[in-house]
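*Asks:* below are the sequence and a predicted model; questions follow.
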Amino acid sequence: MKRVITYGTYDLLHYGHIELLRRAREMGDYLIVALSTDEFNRIKNKKSYYNFEQRKMMLESIRFVDLVIPESGWDQKKIDVERYEIDTFVMGHDWEGEFDFLKDKCEVIYLNRTEGISTTKIKKELYGDNAK
């Protein structure tokens, strides 16, 4: 079984997220999504509309996702790759090169984001320049 993992906050879930998850799942037989906890989001200075449990429930409802685990810190990725016997690590291209240190443990792929959509874009269109 080929195992794939990706990470994110997945707040204000949109079709770009679904497309990323679909493409990641196509790379293997089992997709794990490491979802940033509310505490970790605070460390990253991110504010989510939905809390961790709500975001987790939404992700678990997506047919491409096999397992959702909490992401509670930056250093967790190495541990997760080993613990879950990951074959492929997938992130958006805006993280290009940031996780190359995992290449000795698994394949690392940076996918292009879906054009025309992002959580930041949604927030800016809804709230103007006051959006973060």
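*Replies:* Done, it's in.

*Asks:* every contact and neighbour count from this point should use C-alpha atoms.
*Replies:* Fine.

*Asks:* show me the shaky parts of this structure.
*Replies:* 116-120, 122-123, 129-132 (pLDDT under 70).

*Asks:* so where do the strands sit in this structure?
*Replies:* Along the chain, counting by DSSP state E, strands occupy 3-8, 30-36, 67-71, 88-92, 107-111.

*Asks:* direction included, what does the second one pair up with?
*Replies:* So that's strand 30-36. Taking DSSP bridges as the criterion, strand 30-36 forms sheet pairs with strand 3-8 (parallel), strand 67-71 (parallel).

*Asks:* how about the last one: buried residues?
*Replies:* So the one you mean is strand 67-71. Across strand 67-71, burial judged by 16 or more other Cα atoms under 10 Å covers 68, 70, 71.

*Asks:* so can I have a markdown table of those showing distance to residue 99?
*Replies:* Output for the buried residues of strand 67-71, formatted as a markdown table (distance: Cα to Cα, whole Å):
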| residue | distance to residue 99 |
| --- | --- |
| 68 | 20 |
| 70 | 18 |
| 71 | 15 |
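
*Asks:* for residue 25, state which of the residues you listed is nearest.
*Replies:* residue 68 (13.2 Å; Cα to Cα).

*Asks:* these two touch, right, that closest one and residue 33?
*Replies:* Yes - assessed by Cα atoms under 8 Å, residue 68 is found in contact with residue 33 at 4.8 Å.
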